[in-house]
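Trainee: one predicted model, sequence on top.
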Amino acid sequence: MRPTDAPYDLDAVLRPVAEARGLPNAHYTDPDVFAEESAALLADTWAGCAVAAQVPENGDALPMTFAGVPILVIRDRKGVVRVFQNVCRHRGMILVTAPRKIEGAIRCPYHSWCYGTDGRLVATPHVGGPGMNVHPGVDRSDLGLAEIRSHIWRDVVWINLSGRAPPFEEAFAPLRTRWAEFEGKALVHGGPESAFTLDVACNWKLAVENYCESYHLPWVHPGLNSYSRLEDHYNIEAPGAYSGQGTVVYRQMVDGDGGGAAFPDFDALSEKWNTGAEYVAAYPNVLLGVHRDHAFAILLQPVGPGHTREEIHLYYAAPDTATAKREANAALWKEVFEEDIFVVEGMQSGRAGPLFDGGRFSPAMDGPTHCFHAWAAERILSHRSEASGLSAAE
Amino acid sequence: MSAPAGALRPAAAGTPDLPAPEAAATLDAALVHAHESGDKAVLARLYADAAARADDTRQKAFYLTHAYVFALDAGLADATRLHARLRALGCEE
């Protein structure tokens, strides 16, 4: 650290919002901290890695790297979405390298060990010598694919890589309670025209931070603000779980100049949702939006300290909505999310300034961002404490 | 990597009008072509043909194993039958 560098102080992040500072620069730029956060914030929690709509048919397989771990999201023969480590139990070969349908078995391209779509090891060719496919030392029942804890909620495939998080139902109870009116309702992915990806030159946390506050709306999204004023928004803060913003003046997209058909509503919502909408960052990396007639999920895929892929999926209450209308809605949201790119990338560039000390928050407007920072700082400090305890015990 | 030496001999059916060396060469060429094209169903059939031509049980099991693996990979109904044949030879569980 140079003499003029701002001090590194995570405890300052935990102070009340009026006194707190934001996370220090290293949490946005340093590869070692990125790796540390991958363990503490992404692997040890329930993180979103995909949506179930990306594997719509039995046998569909989607390989990816998440938090540095090669994983395979697959819909098995019975229609259950599962997540496995995408690694052969024999020599550690990557099993599936591109999205595809598994017609029969997942065959390792190296020595052809074969796995069922449910992860069972079903064939070990020549393992006992040429033509002998069994050996007393190789117990197939012990050598299935390593399955990663997963849970589907709001079509998002949530995974807990470390296996140490509390049960999903427990971890997500606060948000599920908040959005209880949407539970159990049909959530229909809008199809190819309702999915798009944005490649952004920023740390994934900046996308969370920008998403969950409304402070920036009048400056960055003047189009939205023409009818959705700052004072029509409210902060949402659930420490340790999620934060975001809500609006009380949501207007449905209709055909023509008002009066035309809108998307169908989700069933039996209360009056609150007639003009209400909420946008919540479900920690760590999923940004959710709910409205009376559509919803979306943004999965933040952390690629590197300064590189994030945002994968956006839009959902509707019914399967038979008009394609052109869905396209228009996706275009509207894409424009909004693209308007945010220059700020998240600008904040990333700003983290190269050694005198930046994490920043001071608006106590009135930045509560949701501070809520996320405090969650992150607590988890990182706990992770470090655990790591130092382990090393002291060695 | 290759099959066990001397594994292929002409089958009674399939290439009846070819002398032994030509029939084996034809099957070898077909296998190479199928591997290049990645056609698993054809690979399963050709390896089953090779098993039918094999001289001894070990060679037969070797080819049946390949037929089984490609049938399994491709999700072919034949996989069940090939598995049963390997079990009967004591080569599968």
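Mentor: On my side now, so go ahead.
Trainee: quick one: contacts for residue 43?
Mentor: By default, I'm working from chain A. A:Ala43 makes contacts with A:Ala67, A:Val69, A:Asn160, A:Leu161, A:Ser162, as judged by CB atoms under 8 Å, 6 or more residues apart in numbering or on different chains. (C-beta placed from N, C-alpha, C; glycine too.)
Trainee: I was thinking of chain B, sorry if that wasn't clear
Mentor: By CB under 8 Å, 6+ apart, the contact set of B:Leu43 is B:Leu31, B:Ala34, B:His35, B:His66, B:Ala67, B:Phe70.
Trainee: mind running it again at 10 Å?
Mentor: B:30-31, B:33-35, B:37, B:66-67, B:69-71, B:73-74 (CB atoms under 10 Å, 6 or more residues apart in numbering or on different chains).
Trainee: tell me the SS of it?
Mentor: helix (DSSP: H, G, I helix; E, B strand; the rest coil).
Trainee: what packs against the one helix or strand A:Leu390 maps to?
Mentor: Using DSSP states H and E, A:Leu390 sits in helix A:367-393. On a contact count with 3 or more CB pairs under 10 Å, 6 or more residues apart in numbering or on different chains; DSSP states H and E, helix A:367-393 meets helix A:26-29, helix A:31-37, helix A:204-211, strand A:233-238, strand A:242-247, strand A:277-282.
Trainee: that helix vs strand A:242-247, what angle?
Mentor: 170 degrees (axes from the mean of the first three to the mean of the last three CA atoms, to 10 degrees).
Trainee: one step back: could I get the helices and strands packed on helix A:367-393 as a markdown table with mean neighbour count?
Mentor: Shown next, in a markdown table, are these (neighbours: other CB atoms under 10 Å in any protein chain shown):
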| stretch | mean neighbour count |
| --- | --- |
| helix A:26-29 | 20 |
| helix A:31-37 | 17 |
| helix A:204-211 | 25 |
| strand A:233-238 | 18 |
| strand A:242-247 | 23 |
| strand A:277-282 | 24 |
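Trainee: please tabulate these in CSV, including the columns distance to chain B.
Mentor: Listed next are these as CSV, based on distance: least, CB to the nearest CB, whole Å:
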stretch, distance to chain B
helix A:26-29, 44
helix A:31-37, 36
helix A:204-211, 37
strand A:233-238, 46
strand A:242-247, 42
strand A:277-282, 37
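Trainee: nearest to A:Trp46, of these?
Mentor: strand A:277-282 (8.5 Å; CB to CB).
Trainee: now the contacts of B:Leu43: which count as buried?
Mentor: B:Ala30, B:Leu31, B:Ala34, B:His66, B:Ala67, B:Val69, B:Phe70, B:Ala71, B:Asp73, B:Ala74 (16 or more other CB atoms under 10 Å in any protein chain shown).
Trainee: what would the residues you listed look like in TSV with distance to A:Phe342?
Mentor: Formatted as TSV, the buried ones among the contacts of B:Leu43 follow (distance: CB to CB, whole Å):
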residue	distance to A:Phe342
B:Ala30	59
B:Leu31	57
B:Ala34	53
B:His66	57
B:Ala67	59
B:Val69	53
B:Phe70	52
B:Ala71	55
B:Asp73	48
B:Ala74	49
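Trainee: what's the local residue count around the closest residue to A:Glu209 other than its chain neighbours?
Mentor: Spatial nearest neighbour of A:Glu209, chain neighbours left out: A:Thr369 (4.7 Å); criterion: CB to CB, 6 or more residues apart in numbering or on different chains. A:Thr369 has 26 neighbours, counted by other CB atoms under 10 Å in any protein chain shown.
Trainee: how about A:Thr369, what does it touch?
Mentor: A:17, A:22, A:205, A:208-213, A:215, A:235, A:237, A:243, A:281, A:359, A:361-362.
Trainee: ok, now A:Gly191?
Mentor: By CB under 10 Å, 6+ apart, the neighbours of A:Gly191 are A:Ala53, A:Pro56, A:His313, A:Leu314, A:Tyr316, A:Pro319, A:Thr321, A:Thr323, A:Arg326, A:Glu327, A:Ala330.
Trainee: make a PyMOL selection of the buried ones in those residues.
Mentor: PyMOL command restricting the contacts of A:Gly191 to the buried ones, with burial defined by 16+ other CB under 10 Å:
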select buried, chain A and resi 53+313+314+316+321+326+330
